[in-house]
Structure formats: C-alpha cells, structure tokens
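Visitor: Just a sequence and a predicted model for now, questions to come.
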Amino acid sequence: MKANDYAKMTMADLQSELTKLKAQLFNLRFQLAAGQLTNNSLIASCKKDIARVSTIIRQRELNIAVEPSKKAK
C-alpha cells in the first residue's frame, strides 16, 4: 500500500494494520526458514510497509503535519 493510503487511516486502523503486518512478516520469515517461500521480495516489501505505518504513527504522536510529496519531473 502507498503511504498516502496509510495516512488516510485512523490511529486504531494503523495500529491494527501494524499488528497484521508484523504477523505477516513473522509468517514470511518462517516460510523462508522452512524453504517454502517462493518470492523473497515479499519480505522486503512487508518490512517497508511496517516502516511506513510506524512512521505515520510516530508523526501523529508528535503532531507533525506532513505535506504530500511532489515528484520531480
């Protein structure tokens, strides 16, 4: 999911999403250790999603206003 999608969520939704993503990462690591994981890039994308959600939660705790990023052309 994109950071903008996470930014639209409530704090309760973000907390539940973070819990869900951490459980998903645990399962992916377990599958990797068991040799059942076919797509290793899922681990990296899950870790990035956890970082995105954690960042938004922390920004809200500190009451930091976040401006949408503007991509350079």
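Guide: It's in. Numbers count the residues shown, from 1 in each chain.
Visitor: Any idea which helix or strand in the protein has the lowest mean pLDDT?
Guide: helix 3-7 (a mean of 89; mean pLDDT, DSSP states H and E).
Visitor: and it, which residues are buried?
Guide: Neighbour counts using 16 or more other C-beta atoms under 10 Å place 3, 6 of helix 3-7 among the buried residues. C-beta here means a position set from N, CA and C on the backbone, and glycine is covered the same way.
Visitor: Can you name every helix or strand that that helix contacts?
Guide: For helix 3-7, the packing partners by 3 or more C-beta pairs under 8 Å, 6 or more residues apart in numbering; DSSP states H and E come out as helix 41-61.
Visitor: What residues sit buried inside the helix it packs on?
Guide: 42, 43, 46, 49, 50, 52, 53, 56, 57.
Visitor: Next, name the residue at the spatial heart of the protein.
Guide: Centroid check for the chain by C-alpha atoms, centre = their mean gives residue 49 as the closest residue, at 2.0 Å.
Visitor: per-residue pLDDT, it?
Guide: Per-residue confidence (pLDDT) for residue 49: 96.
Visitor: Setting the sequence-adjacent residues aside, check what's closest to it.
Guide: Using C-beta to C-beta, 6 or more residues apart in numbering and skipping the chain neighbours, the partner closest in space to residue 49 is residue 21 (5.4 Å).
Visitor: Then residue 47?
Guide: residue 25 (6.5 Å).
Visitor: Quick one: residues contacting the one you found.
Guide: 43, 46, 47, 50 (C-beta atoms under 8 Å, 6 or more residues apart in numbering).
Visitor: element containing the closest residue to the second one other than its chain neighbours, please.
Guide: Distances taken as C-beta to C-beta, 6+ apart put residue 25 closest to residue 46, at 4.7 Å, once the chain neighbours are dropped. Per DSSP states H and E, residue 25 falls inside helix 11-34.
Visitor: what angle do that helix and helix 41-61 make?
Guide: 150 degrees (axes from the mean of the first three to the mean of the last three C-alpha atoms, to 10 degrees).
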